[in-house]
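Chemist: Fold the following for me, if possible:
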Amino acid sequence: MNISRNATIAATVIAAVSILSYSYLHRFQYSESNNITVKGLGATDFKSDLIVWEGSFNAENKTLNDAYTQLSADRDVVKNFLKNKGISDKETIFGAVSTSERTKNIFNSEGNVIGEEFMGYRLRQSVRIESKDLEKVELVSRAITEVLNNGVEFYSESPSYFYTKLQDLKLDLVSKATEDAKTRANIIAKMGGASIGDLKTAEMGIFQIVGQNSNEEYSWGGSFNTSAKFKTASITMDLTYEIKN
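Modeler: The predicted structure follows:
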């Protein structure tokens, strides 16, 4: 009797599972639509078309007038250097002169600070070069020792590289990333025996610019490399499509 009851229960469970399985498969197969979300990537290598190089020079003297006279002479040295290297006045921007006082601490016999002694004035002026001729400005930045050899206290920064057609580049990458996502969606749907329908949503990812062949990491806020002449730009697109079964 127990054997008969167990057999009856087993048969009932099998029947119930079969009904549920059929119901689920039937609902999935014949529902009007399902959605699929895919990520597409658009990337391209490019060369910067604008270079920016900056530097600054200082002059010091006991009197403000003498310090400014020295700074003016140093500025003339810098101007002549740039002119001889082919840098035009349109490519050159001299910043405002900043002034600061130089002092040194006065100590007593116990080593405590008891005051300050005025040492003179320090004047500083910056110079900025912006040019489309990358190679010319690179040569200038490497030849700055000529200014140093003329007695000018000059501090040079590394060149920065930019791209003036960035908006056009970004739109092209969005197009590539969208096409890439659509291709992926088509492949996935086809492998599942379906096809894609209407586009439901589209979300653009972070725009990234890194140096080519570098170990730079992508940032959640977006990377924007300015130290490399040759760069790689990329963007992602998340697309959600309707799936037709």
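Chemist: domains of the chain?
Modeler: According to automatic domain parsing, the chain comprises the domains 31-47+165-244, 51-160.
Chemist: Any stretches of this protein with poor pLDDT?
Modeler: Along the chain, segments meeting pLDDT under 70 span 1-33.
Chemist: Which strand runs longest in the protein?
Modeler: strand 113-131 (DSSP state E).
Chemist: I'd like the next helix or strand past it.
Modeler: Sequence-wise, the next helix or strand downstream of strand 113-131 (DSSP states H and E) is helix 134-142.
Chemist: Next, the buried residues of that following helix.
Modeler: 134, 137-138, 140-141 (16 or more other Cβ atoms under 10 Å). No exception for glycine: its C-beta is placed from N, CA and C like everyone else's.
Chemist: next one: stretch 103-122
Modeler: Quick answer for stretch 103-122 (16+ other Cβ under 10 Å): 121-122.
Chemist: Now the terminal residues of that stretch, how far apart.
Modeler: Terminal residues of stretch 103-122 are spaced 10 Å apart (Cα to Cα, to the nearest Å).
Chemist: Ok, stretch 186-204 next?
Modeler: 19 Å.
Chemist: Just the closest of the buried residues of helix 134-142 to residue 236, please.
Modeler: residue 134 (29.5 Å; Cβ to Cβ).
Chemist: Tell me if I'm right that that closest one and residue 51 touch.
Modeler: Yes. Counting by Cβ atoms under 8 Å, residue 51 is a contact partner of residue 134 at 4.6 Å.
Chemist: hey, what's in contact with both of these two?
Modeler: Common contact partners of residue 134 and residue 51 (Cβ atoms under 8 Å, 6 or more residues apart in numbering): 161, 229.
Chemist: thinking again about what came up before, which of the buried residues of helix 134-142 lies at the shortest distance from residue 101?
Modeler: Nearest to residue 101, judged by Cβ to Cβ, of the buried residues of helix 134-142 is residue 141 at 31.4 Å.
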